[in-house]
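S.K.: the amino acid sequence is not available; the structure is as follows:
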Ligand SMILES: [Fe+2]
Ligand SMILES: [Fe+2]
């Protein structure tokens, strides 16, 4: 994570209502569930929370509610690639909300943001500003998650070209490139619906 990301994460930890989620065992267990490509459900949710927190701050909305809902928006607690009830894209918001209410006391705004974050895939649009923020932040981070292997591939190619023209050629780069291509193949376009 870049320095600015670390600084913002420190800001999240500084808010007790947000820290209680970050520090919760069930939340931390999301690191074991693969979400987008190789990004875990926990890391994806933290990225959405960082983005939602900043957006809410800039717009004068409730940044704590936005960050809390963002942390819990995908709190369904299974690997959707291999388990779960099916129709994951449609069902996971209500599963995440039920799990979240089991562990945390949520406001009306937070409940709405979790339940409706997949709109327009699900029928009902977000009702509050914070819900809209979480939904938009989720979509932006999901796109970034899936573009990560593509960016890495470009970086490897750039480095390889630089070595060819200036510093010699390293066969290790071919191995890097092949592993990046595997990552790219793994990022199944249909999985965007799982956001
Ligand atoms: Fe989701
Ligand atoms: Fe998400």
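M.R.: Looks like it came in fine. Treat the numbers as computed from the prediction; the structure is a model and nothing was measured. Ligands and ions are numbered 1, 2, ... in the order given.

S.K.: so what's the residue nearest to residue 32 when sequence neighbours are not counted bridging to?
M.R.: Residue nearest to residue 32 in three dimensions, not counting chain neighbours: residue 40, with 7.2 Å by CB to CB, 6 or more residues apart in numbering. C-betas here are computed from N, CA, C, even on glycine. When bridges are called by DSSP bridges, residue 40 pairs up with residue 34.

S.K.: how many neighbours does residue 31 have?
M.R.: By the criterion of other CB atoms under 10 Å, residue 31 has 12 neighbours.

S.K.: hmm, I typed the wrong one, I wanted residue 105.
M.R.: When neighbours are counted by other CB under 10 Å, residue 105 comes out with 9.

S.K.: quick one: contacts for it?
M.R.: If a contact means CB atoms under 8 Å, 6 or more residues apart in numbering, then residue 105 has no contacts.

S.K.: what secondary structure does it sit in?
M.R.: coil (DSSP: H, G, I helix; E, B strand; the rest coil).

S.K.: got the phi and psi for it?
M.R.: phi -90, psi 120 (degrees, to the nearest 10).

S.K.: how far away is it from ligand 1?
M.R.: 22 Å (CB to the ion, to the nearest Å).

S.K.: helix or strand for the most centrally placed residue in the chain, just tell me which one.
M.R.: The residue lying closest to the centre of the chain (CA atoms, centre = their mean) is residue 44, at 2.2 Å. If you go by DSSP states H and E, residue 44 is part of helix 41-59.
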